[in-house]
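Asker: build me a structure from this.
(chains A, B and C)
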Amino acid sequence: MDHRLKKERQFSYIFKKGKRANCSLFTLFSVPSKFQCYKIGYSISKKVGKANKRNKLKRRLKEIVRLEKLPKPFFNYVLMARPGAAELSFEELKKEIVSLFKK
RNA sequence: UCAGUCAAGCGAGUGGUCGCAGUUUGCUUGUGAUGAGCAAAGUGAGGAAAGUCCGAGCAUUCUAAGACAGGGUGCCAGUUAACGGCUGGUGAAGGUGACUUUAAGGAAAGUGCAACAGAAAUAAACCGCCUAAAUUUUUUAGGUAAGGAUGGAAAGGUGGGGUAAGAGCCCACCGGAGUUAUGGCAACAUGACUCGCUCUGUAAACCCCACCCAAUGCAAGGCUAAGUAAGGGCAAUAACGAAGUCUUACGCGCCCUUCAAAAGCGCCGCUUGAGCUUUUUGGCGACAAAAGGCCUAGAUAGAUGACCACAUAAAACAGAACUCGGCUUAUGCAAGGCUGAUAUU
RNA sequence: GCAGAGGUGUCAGAGCGGUCUAAUGUGCACGCUUGGAAAGCGUGUGUGGUCAAAAGCCACCUCGGGUUCAAAUCCCGACCUCUGCG
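Answerer: Presented below is the predicted three-dimensional model:
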């Protein structure tokens, strides 16, 4: 099953209606859905860095989400990164994201 | 040893576990069409993938020819599919040198511009110098571009002769123009002879000359549904058609909306290509030719991450998006050659 | 991915080869006006270096080169910002 969000409309819907959870470098939007499988999208703006930095950050975020099994079923998420997020190491990222999902 | 200069080459290895994206094979299962799931095998970013600055392929615009406008290039020869690139030369400039840089045609086809300063800026008498006359403070007329002052630029330069004072007026050297000989494919170089030689700079100002260029970019464009479909508007020797303008030929009615959403990639274009590599041959070289071997990303919210081990395992700039050839910029290493200085032998 | 536009004092914005590089508005400071303010009027005002200070001089129109006697302006290269195209 594919757990990625891909459509422009879904992103704009979640940004509008979702509940926010903040920390210094990330924002998590969450919205309840009808389906059992969760969906998660990643939004990383150009201010974070150049193409290779954004790519690497996204891969790491995907890896953390996969290993820790954070998202609950019947929910859709968008994880947004702010400038500076690309400078963290893998372990630091892990702490940030886990605490964010607990909120 | 220090300083410099040229610069070949390399730029995250190997094995394992989990995870991601194509390909092939097998099994299961579908659509109007493309497909989807599971398992195994094997593959998976760069020297700049970047900037988008040039040049091509490829695709579309019914088609074709010409003129004007517009744009580009600009020493010579070669190289290439092509180029504004590259290679080898020539001239010029910089550096003690190795070496580096170079938009380097034409100002005698024409036009424009040259602020301020200065007497005068493309033609000249402000001061000065000399001669003559008047007057004896100086003024007037003429000669003169050697000196002063201004400027980025002042009428070829330096020295000597000459002269009332001066002046290519005359001479020597340098510079310039023309003719010619030799060498070179050529740019050009060297020499000889002639001419005393008015004619600033700017063409990265307009322009002239020579050569080249249609425009738009894979978000091009095509396929499935979907084509002689339905509706509306305009028009009759018209209008439309290469997308700036015009002419000629030629073709043909032209334009808009809706039926279709899933679907801003559902599928094709999409990776075998001016491809990579080894050897030999030709060439100073860029490069070319021949023979052998190889198949090496193809995504579409856009595939490479995490952990462990190997003696250490750390590291810059940085991520393909139709594809090539260059240029430019960012950046970690670095063999070796050469130059200058110092020291020792 | 492709195509295009721009960068000038604190801010906005003209100038697009030449006198002293920068009009105008805004902001800021001071003065006049007022019982006090606002508005209005007038004057001044970019940054850095040199200097004890003022005046003067020099440099700076995103940055680095080039053409020219002279460049914010013309040419080349970089950096940054913004816009359009399904």
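Asker: counting neighbours, what do you get for the residue of chain A found nearest RNA strand B?
Answerer: In chain A, the residue that lies nearest RNA strand B is residue A:50 (3.4 Å; CB to the nearest atom of the strand). Using the backbone N, CA and C atoms, a C-beta is placed for each residue, glycine as well. Other residues within reach of residue A:50, judged by other CB atoms under 10 Å, total 9.
Asker: could you do the one 4 residues further on as well?
Answerer: Residues within reach of residue A:54, counting by other CB under 10 Å, total 19.
Asker: which non-adjacent residue is nearest residue A:101?
Answerer: In space, and not counting its chain neighbours, residue A:101 is closest to residue A:70: 4.3 Å by CB to CB, 6 or more residues apart in numbering.
Asker: touching, the one you found and residue A:98? I think so.
Answerer: Yes: with contact defined as CB atoms under 8 Å, residue A:70 and residue A:98 form a contacting pair (7.0 Å).
Asker: okay, strands next: where are they in chain A?
Answerer: A:19-22, A:26-32, A:39-44, A:75-81 (DSSP state E).
Asker: residues contacting residue A:99?
Answerer: With contact set as CB atoms under 8 Å, 6 or more residues apart in numbering, residue A:99 has these partners: residue A:23.
Asker: got the CA positions of stretch A:10-18 in PDB?
Answerer: These are the backbone C-alpha positions of stretch A:10-18, laid out as PDB (Å, rounded to 0.1, in the frame of the first residue of the first chain):
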ATOM      1  CA  GLN A  10      -4.900  17.000  -0.900                       C
ATOM      2  CA  PHE A  11      -2.000  19.100   0.200                       C
ATOM      3  CA  SER A  12      -4.000  22.400   0.100                       C
ATOM      4  CA  TYR A  13      -6.900  20.700   1.900                       C
ATOM      5  CA  ILE A  14      -4.700  19.500   4.800                       C
ATOM      6  CA  PHE A  15      -2.900  22.900   5.100                       C
ATOM      7  CA  LYS A  16      -6.300  24.500   5.400                       C
ATOM      8  CA  LYS A  17      -8.200  22.100   7.700                       C
ATOM      9  CA  GLY A  18      -5.400  20.300   9.600                       C
END
